[in-house]
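> turn this into a structure:
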Amino acid sequence: MTRIVVLYGGISAERDVSLSTGIQVIAALRESGFDVVPVEVGHDLGAVIAALTPKPDAVFNALHGRFGEDGAIQGVLDWLDIPYTHSGGRASSLAMDKQVAKALFAAAGLPVASGRVVSVAELEAGDPLPMPYVVKPVNEGSSVGVTVVRIGDNRRREIARNWTFGSTALVEEYIPGRELTVGVLDDQALAVTDIKAVAGTFYDYESKYADGGSRHIIPAVVHPDIYAQAMDVAVAAHRTLGCRGASRCDFRYDDTAGEPGRLVLLEINTQPGLTPTSLLPEQAAHRGMSFPKLCAWMVEHAACRG
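This next block holds a predicted model:
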């Protein structure tokens, strides 16, 4: 029986998401016949390393956010020569830095939103882009800290003064329309999902993880050219950063002036959520892969990335 350590929890703003992912993964791997050792990660890295002794056959990395999907824990596991799920250190760190990832996507000819990184002081002083625009942390996931500043909105100074994500922020043009996402397993795109937030105006943290916070339409009912483009761009983004295992690309699709419209790649997630409301498991199920089989597939593709 293969012995798998599941790392979950962590110390990022996405700890609760990771706890939910970990609980699901632990049950799924046990159902698939693995010998599972749950390790809830906190601030004590030494305790994590101790829990990895003796070495397991592989680590299922169920951590989200900083230190879990930014190359930090990947570097530790590479050092210890323990195979682990998802992308390696370099791809993880590149994907987590939204501005760097966007520059690489643009260089590869992929469609991205216009924008730039600004200091919090600059944001407080005035609008860095014409309204509407989006303000987001450079190194967070799950829409943590993301705000849309619309015409007539007077929250800009409040956003800047209450900013807790470092001294800079990424500001981008606001793309109207719809939210699409595509999961990738290695070089195979799964499907395109159309995400409709039930409350609010965009797919924010609450919409992602609250029960009933959003509706997922799979396969997305969009123009065939856009569907094909989203599948192709997701695989291209995965390859551009050198991702391995599973990833998920998020898009905005502006069809407000009619079809086929404009597709824009927002970001790639190298540690897609595996919670009860997550998108990647839905897409895998759409392709005939149950949740336990999806988790087993990830373990089977675990490796040291170096």
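
> which phi and psi does Glu173 have?
With angles defined as degrees, to the nearest 10, Glu173 sits at phi -60, psi 140.

> equivalent analysis for the one 10 residues further on, please.
The main-chain torsion angles of Gly183 are listed as degrees, to the nearest 10 and equal phi -90, psi 150.

> now do the one 3 residues further on
Dihedral angles phi and psi of Asp186 (degrees, to the nearest 10) take the values phi 50, psi -120.

> OK, contacts around it?
By Cβ atoms under 8 Å, 6 or more residues apart in numbering, Asp186 lies in contact with Arg244, Gly245, His301. For the C-beta atoms, the positions are set from N, CA and C on the backbone; glycine is no exception.

> hang on, the second one packs against Pro83?
Meaning Gly245. No - here Gly245 lies out of contact with Pro83, judged by Cβ atoms under 8 Å, at a distance of 11.0 Å.

> who's more crowded, those two?
A count of neighbours by other Cβ atoms under 10 Å puts Gly245 above the other of Gly245 and Pro83, at 26 against 18.

> so what's that one up against?
Taking Cβ under 8 Å, 6+ apart as the test, what Gly245 contacts is Thr85, His86, Ser87, Leu185, Asp186, Met298, His301, Ala302.

> mutual contacts of Gly245 and Pro83, please.
Common neighbours of Gly245 and Pro83 (Cβ under 8 Å, 6+ apart) are Ala302.

> now the terminal residues of stretch 106-124, how far apart.
Counting by Cα to Cα, to the nearest Å, you get 28 Å between the two ends of stretch 106-124.

> now the most centrally placed residue in the chain: closest residue in space, sequence neighbours ignored.
For the chain, Asn269 is the residue whose C-alpha lies nearest the centre (Cα atoms, centre = their mean; 2.7 Å). Distance criterion Cβ to Cβ, 6 or more residues apart in numbering; nearest residue to Asn269, sequence neighbours excluded, is Arg248 at 4.7 Å.

> need the pLDDT of the residue nearest to the centre of the chain.
Looking at Asn269, its pLDDT reads 95.

> isn't it up against Lys98?
No - look at Asn269 against Lys98 with Cβ under 8 Å: they stay out of range, at 11.0 Å.

> so how far is Glu267 from His86?
16 Å (Cβ to Cβ, to the nearest Å).

> of the two, which one has the most company?
Set His86 next to Glu267 and count neighbours by other Cβ under 10 Å: His86 wins out with 27 against 19.

> what about the more buried one, which SS state?
Three-state assignment for His86 (DSSP: H, G, I helix; E, B strand; the rest coil): coil.

> what are the phi and psi values for the residue nearest to the centre of the chain?
Dihedral angles for Asn269 - degrees, to the nearest 10 - are phi -110, psi 120.

> for the one 10 residues further on, same thing?
Comment: the main-chain dihedrals of Leu279 come out as phi -90, psi -40, following degrees, to the nearest 10.

> name the element Ala191 belongs to?
strand 188-197 (DSSP states H and E).

> so what touches that strand?
178-184, 203-204, 207, 213-222, 227, 230-232, 234-235, 279-280, 282-284, 286-287.
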